[in-house]
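> pasted the sequence and its predicted model underneath.
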Amino acid sequence: MTIALIIIGLIIITAFSLTVFEDVFNAGNIAGILGGIYITILGLTYEKINQLLWWILLSAAVLSTVIIIALMSIIYFKGKTKAENKNVIIILGCRVKWDRPSLSLIKRVDTAYDFLIKNPKAIAILSGGQGKDEALSEAECMKKLLLEKGIDKSRLILEDKSTTTDENIAFSLKIINELGFDKSAAIATSEYHQLRSAMICKRYGLKTNPQSSKTKLSILHVFLLREIFGIIKELITNK
């Protein structure tokens, strides 16, 4: 039992630590590493603390793990369907590394490109502002990628002021209203991001369908875990 817990804890710590080498470090890493440390300590303290307390702590760890895995699964599978026959697709921004798009941003653009090819009359709202460590806005970066792929610039509308997912949706909806479209759009973003995006869209009265990009398996668990915190925050702050 104790050896198994120590091994499991160390595996979890390793899984959430190694993603740093892929330039991924966020609340998901921290939570995962802390969880791994907790399990490792349980393995090391067996028979060194009150047994009733130890079993309570172990039960809490098991229950938490089951709930977290269930939530991560729900978040993941929410983003598995594909949107069709929409007049508008909103591409939610993601990190730009100075002047280069991150892999996640490239994949979001790629999945939006597939949608635009299948829906030749649809327009794309490219939503994402410019961070302090970015040489250009995420919207402008997405525009460059789509132009390189052959999408006509008349189909691309930039929303380059937003800094959060909430602002992505709010500012994009304003554009939709100004253009006279109905409140319905496809959302191009990473699969782990779709559930929270859908929750925000619903709050703003925007009907959506997911157009999801795939995240590398080696880092997916970190983003899925991070999204749990984002969803909890959305539920608490926007009841």
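Alright, I've got the coordinates.
> which SS state does residue 25 fall under?
coil (DSSP: H, G, I helix; E, B strand; the rest coil).
> next one: it from residue 215, what distance?
Here residue 25 is placed at a distance of 15 Å from residue 215 (C-beta to C-beta, to the nearest Å). For every residue, glycine as well, the C-beta is placed using N, CA and C.
> one more: residue 162?
Distance, residue 162 to residue 215, using C-beta to C-beta: 21 Å.
> residue closest to the middle of this protein?
In the chain, the C-alpha closest to the average C-alpha coordinate belongs to residue 193, at a distance of 3.2 Å (C-alpha atoms, centre = their mean).
> got phi/psi on the nearest residue to residue 161 once chain neighbours are set aside?
Excluding the flanking residues, the one nearest residue 161 by C-beta to C-beta, 6 or more residues apart in numbering is residue 129, at 5.3 Å. In terms of degrees, to the nearest 10, the main-chain angles of residue 129 are phi -80, psi -160.
> count of neighbours near residue 129?
19 (other C-beta atoms under 10 Å).
> residue contacts, it?
By C-beta atoms under 8 Å, 6 or more residues apart in numbering, the contact set of residue 129 is 93, 137, 138, 139, 160, 161, 162, 163, 167.
> from those residues, which is closest to residue 107?
residue 93 (12.7 Å; C-beta to C-beta).
> ok, the spatially closest residue to that closest one that is not a sequence neighbour to residue 101 distance?
What sits nearest to residue 93 in space, not counting adjacent residues and going by C-beta to C-beta, 6+ apart, is residue 128, at 1.9 Å. As judged by C-beta to C-beta, residue 128 and residue 101 stand 10 Å apart.
> which residues touch the residue nearest to residue 93?
Residue 128 touches 91-94, 137-139, 141-142, 159-160, 162, 168, counting by C-beta under 8 Å, 6+ apart.
> can we see that at 10 Å?
91-96, 105, 108, 134, 137-142, 158-163, 167-168, 171 (C-beta atoms under 10 Å, 6 or more residues apart in numbering).
> what ranges do the helices span in this protein?
2-17, 27-45, 51-78, 103-118, 138-148, 165-179, 194-203, 217-237 (DSSP state H).
> how far is the fourth one from where the chain is centred?
Just to be clear, that refers to helix 103-118. Averaging C-alpha positions (C-alpha atoms, centre = their mean, to the nearest Å) puts helix 103-118 15 Å from its chain's average.
> name the helices or strands packed onto that helix?
strand 88-92, strand 96-97, strand 100-101, strand 123-127, helix 138-148, strand 184-190, strand 207-213, helix 217-237 (3 or more C-beta pairs under 10 Å, 6 or more residues apart in numbering; DSSP states H and E).
> as JSON lines, the ones you listed with distance to residue 116 and mean pLDDT would be great.
Formatted as JSON lines, those follow (distance: least, C-beta to C-beta, whole Å; pLDDT from 0 to 100):
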{"stretch": "strand 88-92", "distance to residue 116": "7", "mean pLDDT": "96"}
{"stretch": "strand 96-97", "distance to residue 116": "21", "mean pLDDT": "90"}
{"stretch": "strand 100-101", "distance to residue 116": "17", "mean pLDDT": "92"}
{"stretch": "strand 123-127", "distance to residue 116": "6", "mean pLDDT": "97"}
{"stretch": "helix 138-148", "distance to residue 116": "8", "mean pLDDT": "96"}
{"stretch": "strand 184-190", "distance to residue 116": "9", "mean pLDDT": "94"}
{"stretch": "strand 207-213", "distance to residue 116": "10", "mean pLDDT": "91"}
{"stretch": "helix 217-237", "distance to residue 116": "25", "mean pLDDT": "95"}
